[in-house]
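J.: Here is the input, now give the coordinates:
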Amino acid sequence: MIDLDRLERAVREDAAIRRRQMLQPVGGKGDKIFPPTYPAEGRNQLPRHVYEKRKIDGRDVWCVLVDSVASQANRMEEALQAAIAEGVLIPHLYVDFAGKGIAGVERISSLEAPHRVYDAILRDSLLDGQSFMSSPIGTRLAAAKPQDATALLEVAPTALLFGSWHSTGQGGGLGAKFARCLVSEIVAVDVPVEEIVNGRSGAVEPRTLGRRVGSRIDPLGILRAVEIYKGSDGWDVDQSRAGKDAKKVRPSEVNHGNVAPTVQPLGVTCDRLDHTFVLSCAGLRRLGFGGGARDAAGRTLLAALGLLAVTEQDARGYALRSRCDLVCDGAAPLEIVRPDGSTEPIAVTREAARALYGEAFAKAKEVGLGLHEQPIRLEPQEKLVAIVKKSQELALAGKGGEAEAEED
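T.: Okay, here's the model as predicted:
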């Protein structure tokens, strides 16, 4: 079992800590799973999975993305959030929405906000009555750089582990920017596909040989031929009662009636599923926390947090989405990767990872890093509460718009 001294030496001297864990569908090898779907690029195109060819064992094989780097980071943060609820001390901030009259939202933490400590949810909140980014903690976070990342380590170390960017900061997005030190991804390997040749470009476009079917039988037996009207006042069989702007629609447009059977090319089978986890020691060494013993302790704390994240995820399982529930296929060891590429296997259980993280936390405090043992509570500004309430009102009225597209 790895101890704190060996972890500190790995962070100081070695290249990375990694693991390649094989997974399988919980239904057994060969069972069909459903990776995430993404919008089609052209008109009348169906949703699709993300395919790429990879060179594996000397062959070019089709692979499908099952869980992206960003999605895996979110899942590990969720696992760490659960560990916090069980008493593990991980510094973080949260916005307290309790008592604000917002349905279904009590608090949003820096482990849940999309852009972590630099998210607009935290930016548009108050700390001790002051705008968060203008508060002493906020100004330290805004000024943080990789050469001195102490502010993030002390209040939200997960933002350093999984990466963060103060995109609305100084210079139009030239603010604090921290690359990921931990990368995790799940890929289905050797997926049977149908190779479709694009008539215009000549490019080969893979399409799964799996199929997803759907249908619905209405227990009320409402027929498509029934005339109904939908308008600002809802829907009705009488046009005058549906509102002045009411238009004739089919029953299916108000979720009544049968849904005809459909068949879509979705879902895959595969030879195996690879979960790749890499914690970059070289990446950790780019981060500074005041020099000397503080640097060593801060980097080791982040490494211990990374090991905690992967073991917590293992313990909580891989129920990724509907019909994509995975389980480990045997137990692959973590290994330290030395600078020459050779490896050293290490054993880390969930209990050992928690104990190791606790030791690293105590050591970081000992050398003078001001880690927050209590979460930092923020209060949402009135305008943030108002925009959430307005959004919920529109959603309940069926007037919500589409989500905004965003570039990574």
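
J.: The stretch 201-350 of the chain: helices as residue ranges?
T.: Secondary structure of the stretch 201-350 of the chain (DSSP state H, counting those that start in this stretch): helices at 281-284, 292-316, 350-366.

J.: Relative to Q381, which of the ones you listed is closest?
T.: Q381 lies closest to helix 292-316 among the helices of the stretch 201-350 of the chain, at 30.5 Å (CB to CB). Any C-beta I mention is one placed from the backbone N, CA and C, and that applies to glycine too.

J.: which non-adjacent residue is nearest G210?
T.: Nearest non-adjacent residue to G210, counting by CB to CB, 6 or more residues apart in numbering: G267, 3.6 Å away.

J.: What spatial separation is found between that neighbour and P39?
T.: Here G267 is placed at a distance of 18 Å from P39 (CB to CB, to the nearest Å).

J.: the more surrounded of those two?
T.: Shown here are G267 and P39; by other CB atoms under 10 Å, G267 has more neighbours (19 against 9).

J.: That one is in contact with R323, isn't it?
T.: Yes: assessed by CB atoms under 8 Å, G267 is found in contact with R323 at 7.3 Å.

J.: Mind telling me what element the residue nearest the centre of the chain is part of?
T.: Closest to where the C-alpha atoms of the chain average out (CA atoms, centre = their mean) is N74, at 2.6 Å. With secondary structure defined by DSSP states H and E, N74 is part of helix 69-85.

J.: Strands of the stretch 201-350 of the chain, residue ranges please.
T.: According to DSSP state E, counting those that start in this stretch, the stretch 201-350 of the chain carries its strands in the segments 204-208, 212-216, 228-231, 234-236, 247-249, 259-264, 272-280, 318-321, 324-328, 334-337, 343-346.

J.: Of those, flag the one that's most buried.
T.: The highest average neighbour count among the strands of the stretch 201-350 of the chain, using mean count of other CB atoms under 10 Å, belongs to strand 272-280 at a mean of 21.

J.: Now tell me which helix or strand of this structure has the poorest mean pLDDT.
T.: Within the chain, no helix or strand scores below helix 170-173, which has a mean of 54 by mean pLDDT, DSSP states H and E.

J.: Check which element follows it along the chain.
T.: According to DSSP H and E, the helix or strand after helix 170-173 is strand 177-178.

J.: can you state the direction angle for the next helix or strand after that next one and helix 69-85?
T.: If you walk from strand 177-178 toward the C-terminus, the next helix or strand you reach (DSSP H and E) is strand 182-189. If you take axes from the mean of the first three to the mean of the last three CA atoms, to 10 degrees, strand 182-189 sits at 120 degrees to helix 69-85.

J.: gap between strand 182-189 and the chain center?
T.: Relative to its chain's centre, strand 182-189 lies at 13 Å (CA atoms, centre = their mean, to the nearest Å).

J.: Remind me what that strand packs against, helices and strands.
T.: strand 51-56, strand 59-67, helix 69-85, strand 272-280, helix 292-316 (3 or more CB pairs under 8 Å, 6 or more residues apart in numbering; DSSP states H and E).

J.: hey, least reliable of the strands of the stretch 201-350 of the chain by pLDDT?
T.: Mean pLDDT values for the strands of the stretch 201-350 of the chain show the minimum at strand 259-264, a mean of 73.

J.: Taking strand 212-216 as reference, get the angle to that strand.
T.: Angle, strand 259-264 to strand 212-216, by the same axes, to 10 degrees: 170 degrees.

J.: what does strand 259-264 rub up against?
T.: With contact meaning CB atoms under 8 Å, 6 or more residues apart in numbering, strand 259-264 is reached by L46, P47, R211, R212, V213, G214, S215, R216, S252.

J.: Reformat these into TSV and put distance to L122 next to each item.
T.: As requested, the contacts of strand 259-264 are exported to TSV (distance: CB to CB, whole Å):
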residue	distance to L122
L46	38
P47	33
R211	44
R212	39
V213	44
G214	40
S215	45
R216	42
S252	42
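
J.: which one of those residues sits closest to S232?
T.: Of all those, S252 has the smallest distance to S232: 20.1 Å, by CB to CB.

J.: Next, give me the two most distant ones among the contacts of strand 259-264.
T.: Once CB to CB is applied, the contacts of strand 259-264 give R211 and S252 as the farthest pair, at 22.3 Å.
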